[in-house]
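A.B. asks: Predicted model follows, preceded by the sequence.
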Amino acid sequence: METEKAKEILEELLKKMGIDTGVSAKEIEDYISLEITTPDSALVIGRQGKTLGALQYLVNLIVNKGKEERIKVILDTEGYRERRKARLMELAEKLAQRAKEENTEVFLEPMNPYERRIIHTTLAGDPDVETESVGEGMERQVVISPKKKE
């Protein structure tokens, strides 16, 4: 029932944006996955996934309005989320190497909580660097620092 509601909400939002699309929905363990199929995928994704993130935020707000137990809704199109995750993991490794070589803090661009978590998780096993999120709200970013030698 919630899956169908989430799908209908997303279809309506995309229609109001003037985007010709198809949406497929499925329940996966503890969340709903909505896959958008459209020739305008770049428009749906937006710069650095901001439009896709905003749509996901809106669908989650509407689906969970007035509910005690929240259900998470995740949107994707053309495998964007997996590609972005791979790029972020690669970036984390590269910037960690720079932090170690130059013995300096490296600041990443502001990111949403999901993307910051990817950076933290990717570098969690590296004994030579540590990560920390700094800043407030939309300006929150990850800092990669070399660990102090004792």
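C.D. replies: Yep, that arrived.
A.B. asks: Please identify the buried residues of the longest helix along the chain?
C.D. replies: Ranked by number of residues, the top helix in the chain under DSSP state H is helix 80-102. Residues Y80, R81, R84, L88, L91, A92, L95, A96, A99, K100 are the ones in helix 80-102 that count as buried (16 or more other C-beta atoms under 10 Å). C-beta coordinates here come from the backbone N, C-alpha and C atoms, glycine included.
A.B. asks: Tell me the one among these nearest to T37.
C.D. replies: Checking these against T37 with C-beta to C-beta, the nearest one is Y80 at 12.2 Å.
A.B. asks: Need the pLDDT of the closest one.
C.D. replies: Predicted confidence (pLDDT) for Y80: 94.
A.B. asks: ditto for E150
C.D. replies: 62.
A.B. asks: Who does the helix or strand that comes right after the longest helix of the chain pair with, and is each partner parallel or antiparallel?
C.D. replies: Going down the chain from helix 80-102, the next helix or strand is strand 106-107, by DSSP states H and E. Strand 106-107 has the following sheet partners, assigned by DSSP bridges: strand 141-146 (antiparallel).
A.B. asks: chain center to the strand it pairs with, what's the gap?
C.D. replies: Its chain's average C-alpha position is 18 Å from that of strand 141-146, according to C-alpha atoms, centre = their mean, to the nearest Å.
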